[in-house]
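K.L.:
with the input below, show me the fold.
(chains A and B)
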Amino acid sequence: MREPLSKVITQIEPSGIRKFFDIVNEMKDAISLGVGEPDFDTPWFIRDEGIYSLEKGRTFYTSNAGLRELKVEISRYLSRRFFTDYDPAGEIIVTVGGSEAIDLALRAMLDPGDEVLIPQPSYVSYLPCTILAQGTPVPVPLSHENEFRLTAEDVISHCTDRTKILVLPFPNNPTGAVMEKADLEAVARVVEERDLFVISDEIYGELTYTGKNHVSFASLPGMKERTITINGFSKSYAMTGWRLGYACGPKRILSQMLKIHQYCIMCAPTTSQYAAVEALRRGDEEVAKMREEYNGRRRFVLHSLREMGLPAFEALGAFYVFPDIRSTGLSSEQFANELLTSRKVAVVPGTAFGESGEGFVRISYAYSLENLKTALERIRLFVEERRS
Amino acid sequence: MREKILTFIEKNSRIDLSELAIILGVDEAAVLNEMEAMEKERIICGYHTIIDWDKTGVEKVSALIEVRVTPQRGQGFDMVANRIVNYPEVNSVYLISGGFDLMVTIEGKTLREVSQFVAEKLSTLESVLSTKTNFILKKYKDHGTVTAEPEKDERQIVSP
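P.N.:
Residues are numbered from 1 along each chain as shown, chains lettered A, B, ... in the order given. Below you'll find the model as predicted:
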């Protein structure tokens, strides 16, 4: 028989998080701090709207780019929260989660050999999706010293004449790093100079704890025409299972992304789209409540980690902290494995998000305070034991 | 800061104050001061426990009683309400708008005890015109807390 598989797909590694969590699942009384999704249920009024749309028999497809009402609400929301201005007709596509939007953007813009700068540690999909789109991924390692922010120098030193796209994954999974306005302005100057395009993944945009609003890259002067903004409902409205995200950007690029979307997906789930309209119309208060809750847990986790002598920078976004575990003498993977076997707490090794995650682990605080307390106490005992 | 403290302890009054200070990102002494001040000012009026008595061997009957009264000159409803609050079996007394005047919630050991209270104590008060007793059959949610078992974490393992 001939080889059934393509060379491209076989060169892609399966995600490192997966095999680890298969073990966690089998283990009794293991506590996981590994999950990357909110522990809240979707707020009731949003679920209610989804149910209502089913009752009304709204079980048809929507138009390819999404329900018009939803695109209008997305446009209003983005201008209200992040001061960006997108035309619902042509500058917004509703997608199956933020992940589909990332894939569409890469496929619409890359030719074979085009290079994509991917700051790491970061979400694990950018790299394989770049390969699938025939581009060449170029990891840009970020450092603890810079609190895992991306600097203009980082971009410049990894640019070649083949560099076409810069991925901006902030607020960041797994580090919890954010980029403030001045940080982004410095990057924007390089983007302009080197004639780059940006995929700004702002899926955690509602979850920042700086006391200021998240700054959307496209809101900077001259950047809208170079940026595909990715966002969605999963993290901010605790709607992961509804599979709903969106991409916004210049018509010229979006119209090509829409082609891929219409041939591969047709449209995002209709029930989810009706529910999302309600989320955007009436959700601000709920989002603020969840943000406040996350923030309290964040302070608590950071405090506990520092108390036990694991340095952790002040992560101001998403729902992750990224402590430095080098003082234990273990690698990220060893730390995660031994912590799981000896104290039954699961965290994700930083290396799952790129080589520059070595020496760190990701701790998610999308868990109840009670769970966090028990887990952190176990981590404390583990660290103490390692040091004695 | 007060509002933040109150929002938090409304759901969890047993939290350790040093922990609460960490969570709110403020000084422990400041939290302590505010708590004491709010207790003094009777903003915080007590710390109670939500109990599902049905799960214990203890028999309890509770009822919501709608009471219509004649308001008194110069006093409105205060005088009769302040009398009703004195009975230990009374849990709460609210003045409300709508078809009647006072909503009284009461808890007794038996149906008989509750009916006796209504017949002998409450309806015999001079300004009480009429009462209507609604016995509570089952509590689904109490003090913002759903009494059924909390749901398990059903999140699945997924990657990336």
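
K.L.:
quick check: the residue of the stretch 101-250 of chain A found nearest chain B vs residue A:353, distance?
P.N.:
Closest to chain B within the stretch 101-250 of chain A is residue A:124: 4.0 Å, counting by C-beta to the nearest C-beta. Bear in mind the C-beta positions are built from the backbone N, C-alpha and C, glycine included. Counting by C-beta to C-beta, to the nearest Å, the gap from residue A:124 to residue A:353 is 6 Å.

K.L.:
quick one: the helices in the chain?
P.N.:
In the absence of a named chain, this looks at chain A. Shown for chain A, the helices assigned by DSSP state H span residues A:7-10, A:16-26, A:44-55, A:68-82, A:97-109, A:126-132, A:152-158, A:181-193, A:251-264, A:270-282, A:284-307, A:332-343, A:369-387.

K.L.:
let me rephrase: I mean chain B.
P.N.:
Assigned by DSSP H, the helices in chain B fall at B:2-11, B:17-24, B:28-40, B:78-84, B:111-116.

K.L.:
which residues touch the third one?
P.N.:
By C-beta atoms under 8 Å, 6 or more residues apart in numbering or on different chains, the residues outside helix B:28-40 that reach it are B:1-2, B:5-6, B:17-18, B:20-21, B:24, B:44.

K.L.:
would you reformat these as a markdown table and include neighbour count and distance to chain A?
P.N.:
Listed next are the contacts of helix B:28-40 as a markdown table, based on neighbours: other C-beta atoms under 10 Å in any protein chain shown; distance: C-beta to the nearest C-beta, whole Å:
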| residue | neighbour count | distance to chain A |
| --- | --- | --- |
| B:1 | 12 | 13 |
| B:2 | 13 | 15 |
| B:5 | 21 | 12 |
| B:6 | 14 | 13 |
| B:17 | 14 | 14 |
| B:18 | 11 | 10 |
| B:20 | 21 | 9 |
| B:21 | 19 | 9 |
| B:24 | 20 | 7 |
| B:44 | 19 | 19 |
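
K.L.:
which one in those residues is the model shakiest on?
P.N.:
When the contacts of helix B:28-40 are sorted by pLDDT, the bottom entry is residue B:1 at 88.

K.L.:
what residues does the stretch 251-388 of chain A have near chain B?
P.N.:
Residues of the stretch 251-388 of chain A lying near chain B by C-beta under 8 Å from any C-beta of the partner chain: A:292, A:295-297, A:299-300, A:303, A:369.

K.L.:
residue A:124 and residue A:353: who's more crowded?
P.N.:
residue A:353 (26 against 21; other C-beta atoms under 10 Å in any protein chain shown).

K.L.:
ok, for the more buried one, nearest residue in space, not its chain neighbours?
P.N.:
Nearest residue to residue A:353, sequence neighbours excluded (C-beta to C-beta, 6 or more residues apart in numbering or on different chains): residue A:121, at 3.6 Å.

K.L.:
list phi and psi for that neighbour.
P.N.:
Dihedral pair for residue A:121: phi -70, psi 140, per degrees, to the nearest 10.

K.L.:
what about it, how many neighbours?
P.N.:
27.

K.L.:
residue contacts, it?
P.N.:
So residue A:121 contacts A:142, A:148, A:172, A:174-175, A:322, A:350, A:353-354, A:356-357, A:360 (C-beta under 8 Å, 6+ apart).

K.L.:
what pLDDT does residue A:216 get?
P.N.:
We note a pLDDT of 98 for residue A:216 in this prediction.

K.L.:
list phi and psi for the closest residue in space to residue A:206 that isn't next to it in sequence.
P.N.:
Leaving aside its sequence neighbours, residue A:206 sits nearest to residue A:236 (C-beta to C-beta, 6+ apart; 3.6 Å). Dihedral pair for residue A:236: phi -70, psi -40, per degrees, to the nearest 10.

K.L.:
for residue A:199, see how far away residue A:236 is.
P.N.:
19 Å.

K.L.:
same question for residue B:102.
P.N.:
63 Å.

K.L.:
more neighbours: which of the two?
P.N.:
Taking neighbours as other C-beta under 10 Å, residue B:102 and residue A:199 compare with residue A:199 leading, 26 against 20.

K.L.:
bridging residues for the more buried one?
P.N.:
Assessed by DSSP bridges, residue A:199 has beta-bridge partners residue A:167, residue A:228.

K.L.:
now it: how far from residue A:189?
P.N.:
Residue A:199 is 18 Å from residue A:189, by C-beta to C-beta.

K.L.:
for chain A, name the helix or strand with the lowest mean pLDDT.
P.N.:
Each helix and strand of chain A was given a mean pLDDT (mean pLDDT, DSSP states H and E); the minimum falls on helix A:16-26 at a mean of 74.

K.L.:
does that helix come close to chain B?
P.N.:
Yes. For helix A:16-26 and chain B, the contact criterion (C-beta under 8 Å from any C-beta) is met by A:17-18, A:21-22, A:24-25.

K.L.:
farthest pair within those residues?
P.N.:
For the residues of helix A:16-26 next to chain B, with distances taken as C-beta to C-beta, the pair at the greatest spread is A:17 and A:25 (12.5 Å).

K.L.:
run a quick neighbour tally on the closest residue to residue A:62 other than its chain neighbours.
P.N.:
Leaving aside its sequence neighbours, residue A:62 sits nearest to residue A:267 (C-beta to C-beta, 6+ apart; 4.8 Å). Neighbours of residue A:267 under the rule other C-beta under 10 Å: 20.
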